[in-house]
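Asks: Turn this into a model:
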Amino acid sequence: MNEKQLLTVLALCISTVIACAAKQPPSIDRSASEPVKYIGSDQPDKRFYHGLLRQAVGVHRYQALRANRTNPPERGFVGWTYNHGPNLAYWNGRFFLHYLSNPKEEHNPPGRTLLMTSKDGRQWSDPTVVFPEYPLPEISRGSVCLPAGTFSVMHQRMGFYVAPDGRLLTLGFYSYCPTPRDGPNKGQGLGRVVREIYEDGSFGPIYFIRYNRHAGFNETNTRYPFYMESPDSGFVKACEALLSDKLVTLQWWEEDRAEDGFYTLDPGDQEPKALSYCRRPDGVVVGLWKNRLSALSGDGGKTWTPLVRSETLMFGGAKVWIQRTEDSRYAIVYNHSATCRNRFPLAVMTSDDCYSFDDLLCVHGEVPPMRYQGLHKNLGPQYVRGIMPGNGDPPGQHIWNTYSVNKEDIWVSRTRVPVTGRVDDHVDQDFDSLSNESDLELWNLYVPAWAPVAVASDPAGESNKCLELRDQEPYDYALVERIFPKGRNVTVSFRVFVRRTGHGVLEFEVQDGRGRRPVRLRFDGEWLSMDRAATEPRPLPLGTGRWHDLKLSLDCERQKYDLELDGRTARRGIDFGEKVETLERFVFRTGPWRGDVRAFLLDGEPGQPGLCNEDLAGTDHMVPASVYLIDDVRTRAE
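Replies: Numbering: from 1, shown residues only. Model (predicted):
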């Protein structure tokens, strides 16, 4: 190597060190007072379910469980419609999801935990009970007096653990509530249970892995044996490995609250609930809890800096999720809201150093009506969890999350990595090369169980594929969305085939980056309507059962657009429905827009409709199907 080459290599090494150092967070001593911070300027507008945030590109959202009172997917005479607190893992090529369930509402027994599986995160099995209802012994503690046979409720912030030898354990926590207004997570419960999930999908026996001995529960007064009594030495060894991991088991503190030295964090006068954690580039563990609490550990969870409350991460009683992403960056997914009641939208922010987070984007801004009455039911996508470190890594580069919507349905989302709110190229999309809708990496999908989105064959008989939106859901809709490069003069073209019009009517919109809707088309059976806010032009006749070509030329300077239908100019100079400066995305949706939050209390926060509303009529049954096909979608700058 000559002198010039040596100097070049040395300069490269120095620049690499400088670049890496620039991404390093401050030392543990300097950052302990604020372990993570949001440095961006975007704040959600709580008048809208999507918060007027830009959408993250390439988020696919699937409804894994649709609650149903009279036709329960979990089987039984009556469906349980309070479903919440899901957890997620990926093991042996399958996703595993478990969630809490009560018949009607939070804290009201009986309670149980159910498990679902999926090969791809899209199609999910029916739920199976993994931790059944548990009749309590007689309980008499202070003012609390419960007769023997009263059923427990379940509460856990952790669902799965993959042991060093590859075994998969699933866990739950049995507790009780003196009244439905009192939580089960105050240290009064029986203890934590565990069982193994075998490779064939069956379950091992249930054991207690840790009793709440300080609350009076132990081997003598509980229904399941202690894990050390298992004849399976491998299972016992897996439990011992879990018990020795002080970082993983710190998730248990909230329900346990023992002062026997098992937990390494001193809570002081705080209540650290629902731990989520990851490691910074310098190896320091960042821990985030509900109610904006955070702390740091430089030794893998053995000791922690004092808990502090963030001034910039705005969330209340809902959970927060933090993880390292596959592009060696970091993401926080949570409800960026300063109150407990407001749990929408679900948003993501990203960071290079796991310290300063920016670029707040919407992950899930759809909030359908709450269908079932019940106490302590909040609106929105909430209690988000991802895949804990060590619990699997699905194929591809995505963030996988699970959460409940309205505390009754369970959803799973897949967010494209790198996380971004913008694209560089215009849309030029046919669907011929796709195997299914999951191949649409740059599209955003919202897929209820009864309103699926799929890649389908052309009914016209051509060797052609298209995108199908099918809707049999009485209170929700299918939605597909595509972001394109921001512009002031844009042309959007596509083909549409109205195959069947039942309950849901296809709507198409072009929006700005914040979700304002200047262009709105409605494919209403035999007619195509153009929504101009208060004034609507005469609708255009639209034949069903065949393809139609549409082209829209949009001009933000004029605040107008022209419409071509099947190669002919149909309307010129149609006024925008809302004033916008630029255009940035389009949306196809099998139902009317519902982004405006209407249920406000006097303090400006949405209430709990489950507390004061009745069940919605007809929610347990499908409605007549609507089927729409979309193809050859293109945008370009003019």
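
Asks: low pLDDT regions in the stretch 251-400 of the chain?
Replies: Scanning the stretch 251-400 of the chain for pLDDT under 70 picks out 338-341.

Asks: Strands along that one, start to end?
Replies: Per DSSP state E, counting those that start in this stretch, the stretch 251-400 of the chain carries strands over the ranges 276-279, 285-288, 293-297, 308-309, 320-324, 330-335, 346-351, 356-364, 381-385, 398-405.

Asks: Could I get the buried residue list for the first one?
Replies: It refers to strand 276-279. Buried residues in strand 276-279, defined by neighbour count with 16 or more other C-beta atoms under 10 Å: Ser276, Tyr277, Cys278, Arg279. Where C-beta positions appear, they are placed from N, C-alpha and C, glycine not excepted.

Asks: what secondary structure does Ala238 sit in?
Replies: helix (DSSP: H, G, I helix; E, B strand; the rest coil).

Asks: That should have said Leu243, apologies.
Replies: helix.

Asks: burial of it, as a residue count?
Replies: 15 (other C-beta atoms under 10 Å).

Asks: List the residues that contact it.
Replies: Applying C-beta atoms under 8 Å, 6 or more residues apart in numbering to Leu243 gives the contacts Ile209, Arg210, Thr249.

Asks: Apply 7 Å and report the result again.
Replies: Contact partners of Leu243, counting by C-beta atoms under 7 Å, 6 or more residues apart in numbering, are Ile209, Thr249.

Asks: Look at it and report its pLDDT.
Replies: At Leu243, the model reports a pLDDT of 98.

Asks: among the buried residues of strand 276-279, which two are most distant?
Replies: Ser276 and Arg279 (12.4 Å; C-beta to C-beta).

Asks: quick one: Arg516 and Val580 touch, right?
Replies: Yes. Using C-beta atoms under 7 Å, Arg516 is in contact with Val580, at 5.2 Å.

Asks: Stretch 323-333: end-to-end distance?
Replies: Stretch 323-333 has an end-to-end distance of 9 Å (C-alpha to C-alpha, to the nearest Å).

Asks: and what of stretch 109-121?
Replies: Terminal-residue distance, stretch 109-121 (C-alpha to C-alpha): 30 Å.

Asks: likewise stretch 393-409?
Replies: 25 Å.

Asks: How about stretch 298-316?
Replies: Stretch 298-316: ends 27 Å apart by C-alpha to C-alpha.

Asks: for it, which positions count as buried?
Replies: For stretch 298-316, a neighbour-count test (16+ other C-beta under 10 Å) marks Gly298, Gly301, Trp304, Thr305, Leu307, Val308, Ser310, Leu313, Met314, Phe315 as buried.

Asks: Contacts only, for the first one.
Replies: Counting by C-beta under 7 Å, 6+ apart, Gly298 touches Ile28, Val284.

Asks: Pop the domain breakdown of this structure in here.
Replies: 62-416, 428-637 (automatic domain parsing).

Asks: Distance to Tyr49 for the ones you listed - can I get that in a markdown table?
Replies: Compiled in a markdown table, the domains of the chain are given as follows (distance: least, C-beta to C-beta, whole Å):
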| stretch | distance to Tyr49 |
| --- | --- |
| domain 62-416 | 4 |
| domain 428-637 | 5 |
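
Asks: can you tell me which of those domains comes nearest to Leu53?
Replies: Here domain 62-416 is closest among the domains of the chain (C-beta to C-beta), at 4.1 Å.

Asks: Tell me how many other residues surround the closest residue to Leu146 other than its chain neighbours.
Replies: Using C-beta to C-beta, 6 or more residues apart in numbering and skipping residues adjacent in sequence, the residue nearest Leu146 is Ile139, 4.3 Å away. The tally of other residues near Ile139 (other C-beta under 10 Å) stands at 19.

Asks: thinking Ile139 is in contact with Ala148, fair?
Replies: No. In this structure Ile139 lies outside contact range of Ala148 using C-beta under 7 Å: 8.4 Å.

Asks: Overlap in contacts, these two.
Replies: By C-beta under 7 Å, 6+ apart, no residue touches both Ile139 and Ala148.

Asks: my read: Lys37 touches Ser356, true?
Replies: Yes. Between Lys37 and Ser356 there is a contact under C-beta under 7 Å: 6.0 Å.

Asks: Now do the contacts for Gly618.
Replies: If you count contacts by C-beta under 7 Å, 6+ apart, Gly618 has them with Pro474.

Asks: any idea how far it is from Asn68?
Replies: 12 Å (C-beta to C-beta, to the nearest Å).

Asks: Helices of the stretch 1-150 of the chain, residue ranges please.
Replies: Along the stretch 1-150 of the chain, the segments classed as helices by DSSP state H, counting those that start in this stretch run 3-23, 28-31.

Asks: Lowest average pLDDT across those helices?
Replies: helix 3-23 (a mean of 44).

Asks: which ones are touching the closest residue to Ser310 other than its chain neighbours?
Replies: Once flanking residues are discounted, Ser310 sits nearest to Arg292: 4.4 Å by C-beta to C-beta, 6+ apart. Going by C-beta under 7 Å, 6+ apart, Arg292 touches Arg309, Ser310, Leu313, Phe315.

Asks: Equivalent analysis for Arg61, please.
Replies: His364, Trp411, Ser413, Leu445, Tyr446, Val447.

Asks: Contacts for stretch 62-82, please.
Replies: So stretch 62-82 is contacted by 83, 97, 101-106, 114, 116, 121-122, 124, 126-127, 372, 374, 407-412, 447-450, 620 (C-beta under 7 Å, 6+ apart).

Asks: and Ser175, how many neighbours?
Replies: Ser175: 28 neighbours (other C-beta under 10 Å).

Asks: which residues sit in contact with it?
Replies: Applying C-beta under 7 Å, 6+ apart, the residues near Ser175 are Ser152, Val153, His155, Pro184, Asn185, Gln188, Gly189, Leu190, Glu255.

Asks: any idea how far Gly40 is from the fifth one?
Replies: Summarising the geometry, the distance separating Asn185 from Gly40, computed by C-beta to C-beta, is 32 Å.
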